[in-house]
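Undergrad: attaching a predicted model along with its sequence, questions to come.
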Amino acid sequence: MAKTKTIFICQQCGYQAPKWLGRCPDCQGWGTLVEELVGEEVPEGDVRQRWGREESPRAIGEVAEEKEGARLSTRLEEFNRVLGGGIVAGSVVLLGGDPGIGKSTLIFQCLHGLAAQGRRCLYISAEESLRQTKLRAKRLGAVSPELFVAAETSLERIIQGVEEIQPQVLVVDSIQSIYTAQLGSAPGSISQVRETSGRLTYLAKGLGVATFLIGHVTKDGAIAGPRVLEHIVDTVLYMERSADSPFRILRAVKNRFGSTNEIGVFEMKEEGLVEVANPSEIFLAERPEGTSGSAVMASMEGTRPILVEVQALVAPTAFAVPKRMATGVDYNRLSLLVAVMEKKLGMNLSHQDIFVNVAGGLRIEEPAVDLGVVVAVASSHLDHVVPPSTVVFGEVGLAGEVRGVSFGEQRVTESARLGFERCILPRSSARGIKPTKGMEFIGARDLREVWGYLFPG
């Protein structure tokens, strides 16, 4: 009989204590320590021999390389883009997002695309019955002979099913509902999540099965469970959306096989998630014309240029301290830019409430958004309309200079394709860009030159 012992584990950070504490010494959370029974660890020697993991060191030049085209390509190009070109055999991907955002729908559509190419896939539903899973499959049109499903929560039976079916892709929905009989704690506890995810990761590496783990998120938006869960997997994906928006943004925050700067844009419809091949047109579709406080900015998400609308509202404050609010851009960056405008341009914004928003629910974190924010705020404050055929981008320094940014040519090309005729950009970035038909470049060294063009007089 396996020996067990009682320990108290923090359900937020995984801190372990021999006795109960009201406050976790590690994450400072109150009432987060829960009593759990922990059994003896499963010896790994037999498991490693069973799944054929190579343990002996070898020269790196002797390691077999991945073949070209070895990635599994789904029929969702946006999903492939975020993963870095497709699914790597033996990789482990953690997918998180708010409840109802479309995690299971996205994965089911990807599995259908893989199964249609003859790839054997196994979907483990730990929260729904097989009948409920079949209803979703019929709604999405994802019924395929190579797509196997199972309603199971036991890790041991899941591993047995994988060894019997030998799929190329495995999906566990969700990891917080899986338990192992080796531990006496309840499913979803820190010890269960850590143990089950670790053994599934080892299974994926040993058998070369690409594995997707779907995880719940906490109120703070982080994936529930210990942070070690994000460390042991190869890729961590998050699905995001703004309130009451049909668009879903898939973003990679960790990727061992590709860039973490790429995003995928989807639109939720009745038949499932539909790819948005041209996000710029979607984000600019409802852009108001002839209205102050609006500026179009050319941003870069990975290798993809996306044009977004930056909106600003400047109004007199009724309080002693003016209010600043930023949605889609960094709040601290907004405060810095407002200070630069007051110092270098002589604008009196100390008694004005300022609200800035990136339309469409997209969050821009690159410094090239600075010039778009400054132009939108000035347009609202001066009640002067920015020409609708003008696009801007560039970083703004503390001295009021407009600094160069990367991928200038890609930004200009995308702007010209969407019908914009003028582009205000840093002078240093304009020097290396080839002339584009129908596009006028206006290189600016500082904000005063931008003002001279947009707000004359």
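TA: Perfect, thanks for sending it.

Undergrad: C-alpha from now on. contacts and neighbour counts both.
TA: OK.

Undergrad: now Ser411: which helix or strand?
TA: One thing to correct before we go on: residue 411 is Arg, not Ser. Under the criterion of DSSP states H and E, Arg411 resides in helix 408-417.

Undergrad: quick check: buried residues in that helix?
TA: Gly408, Glu409, Gln410, Arg411, Val412, Thr413, Glu414, Ser415, Ala416 (16 or more other CA atoms under 10 Å).

Undergrad: could I get the residues you listed as a markdown table with pLDDT and distance to His112?
TA: Formatted as a markdown table, those follow (pLDDT from 0 to 100; distance: CA to CA, whole Å):
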| residue | pLDDT | distance to His112 |
| --- | --- | --- |
| Gly408 | 91 | 38 |
| Glu409 | 90 | 37 |
| Gln410 | 91 | 34 |
| Arg411 | 93 | 35 |
| Val412 | 92 | 37 |
| Thr413 | 90 | 35 |
| Glu414 | 90 | 33 |
| Ser415 | 92 | 36 |
| Ala416 | 91 | 37 |
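
Undergrad: doesn't Pro435 make contact with Glu409?
TA: No. Glu409 is not in contact with Pro435 according to CA atoms under 8 Å; the separation is 9.5 Å.

Undergrad: that older thread, quick check: next helix or strand after the helix holding Arg411?
TA: Next along the chain after helix 408-417, taking DSSP H and E as the criterion, comes strand 422-426.

Undergrad: which residues does that next one contact?
TA: Here strand 422-426 makes contact (CA atoms under 8 Å, 6 or more residues apart in numbering) with 389-395, 402-405, 412, 439-445, 450.

Undergrad: what separates stretch 310-319 from the chain centre, distance-wise?
TA: 30 Å (CA atoms, centre = their mean, to the nearest Å).

Undergrad: next up, the contacts around the spatially most central residue of the chain.
TA: The centroid of the chain falls nearest to Arg251 when counting by CA atoms, centre = their mean (2.0 Å). Arg251 makes contact with Val82, Leu237, Tyr238, Met239, Glu240, Thr260, Asn261, Glu262, Ile263, Gly264, according to CA under 8 Å, 6+ apart.

Undergrad: out of the residues you listed, which one has the weakest pLDDT?
TA: Least confident entry in those, by pLDDT: Asn261, with 77.

Undergrad: distance check, that one against Val253.
TA: Note on Asn261: its distance to Val253, by CA to CA, to the nearest Å, is 8 Å.

Undergrad: ranges for the helices of the chain?
TA: 44-51, 77-83, 103-115, 130-140, 155-165, 190-207, 228-232, 279-283, 331-345, 370-382, 408-417, 427-430, 447-454 (DSSP state H).

Undergrad: sorry, back to before: now, among the buried residues of helix 408-417, which is nearest to Gln109?
TA: Gln109 has its nearest neighbour among the buried residues of helix 408-417 in Glu414, at 29.5 Å by CA to CA.

Undergrad: for the closest one, which non-adjacent residue is closest in space?
TA: Leaving aside its sequence neighbours, Glu414 sits nearest to Pro305 (CA to CA, 6 or more residues apart in numbering; 6.5 Å).

Undergrad: next one: Asp446
TA: Glu401 (3.9 Å).

Undergrad: which ones are touching that neighbour?
TA: By CA under 8 Å, 6+ apart, the contact list for Glu401 reads Arg445, Asp446, Leu447.

Undergrad: out of these, who's nearest Ser380?
TA: The closest of the contacts of Glu401 to Ser380 turns out to be Leu447 (CA to CA; 16.4 Å).

Undergrad: report the beta-bridge partners for Ile249.
TA: Per DSSP bridges, the residues bridged to Ile249 are Glu240, Val265.

Undergrad: that one contacts Leu237, correct?
TA: No. Using CA under 8 Å, Ile249 is not in contact with Leu237, being 10.2 Å away.

Undergrad: with neighbour numbers in mind, choose between those two.
TA: A direct count of neighbours by other CA atoms under 10 Å for Ile249 and Leu237 places Leu237 higher, at 21 against 18.

Undergrad: still on that earlier bit, now do the helix holding Arg411 and strand 422-426, the angle between them.
TA: Orientation check (axes from the mean of the first three to the mean of the last three CA atoms, to 10 degrees): helix 408-417 against strand 422-426 gives 160 degrees.

Undergrad: need the contact partners of helix 408-417.
TA: With contact meaning CA under 8 Å, 6+ apart, helix 408-417 is reached by 298-300, 305-307, 391, 423, 429-430, 432-434, 436-439.

Undergrad: so where's the stretch 101-250 of the chain uncertain?
TA: The stretch 101-250 of the chain contains residues with pLDDT under 70 at 218-228, 242-244.

Undergrad: how near is Val169 to Val391?
TA: Distance, Val169 to Val391, using CA to CA: 44 Å.

Undergrad: same deal with Pro99?
TA: Distance of Pro99 to Val391, computed by CA to CA: 37 Å.

Undergrad: out of the contacts of Arg251, which is nearest to Ala204?
TA: When those are compared against Ala204 (criterion: CA to CA), the nearest one is Leu237, at 17.8 Å.

Undergrad: list the buried residues of the strand ranked longest in the chain.
TA: Ranked by residue count, the top strand of the chain under DSSP state E comes out as strand 304-316. By neighbour count on 16+ other CA under 10 Å, the buried set for strand 304-316 is Arg304, Pro305, Ile306, Leu307, Val308, Glu309, Val310, Gln311, Ala312, Leu313, Val314, Ala315.

Undergrad: can you list the strands that it pairs with?
TA: strand 294-301 (antiparallel), strand 352-358 (antiparallel).

Undergrad: who touches that strand?
TA: Strand 304-316 is contacted by residues 262, 279-281, 283-284, 287, 293-300, 351-360, 372-373, 376-377, 380-381, 410-411, 414-415 when judged by CA under 8 Å, 6+ apart.

Undergrad: need the buried ones from those residues selected in ChimeraX.
TA: Entered in ChimeraX, the line below selects the buried ones among these, by 16+ other CA under 10 Å:
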select :262,279,280,283,284,287,293,294,295,296,297,298,299,300,351,352,353,354,355,356,357,358,359,360,372,373,376,377,380,381,410,411,414,415
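
Undergrad: Gly372 against Ser299, yeah?
TA: No. The pair Gly372 / Ser299 is not scored as a contact, 9.8 Å apart, by CA under 8 Å.

Undergrad: what is in contact with the two at once?
TA: The contact lists of Gly372 and Ser299 share Phe393, where a contact means CA under 8 Å, 6+ apart.

Undergrad: once you drop chain neighbours, what's closest to Ser379?
TA: Leaving aside its sequence neighbours, Ser379 sits nearest to Gly293 (CA to CA, 6+ apart; 4.8 Å).

Undergrad: residues contacting the one you found?
TA: With contact taken as CA under 8 Å, 6+ apart, Gly293 is in contact with 311-313, 376-381, 383-386.
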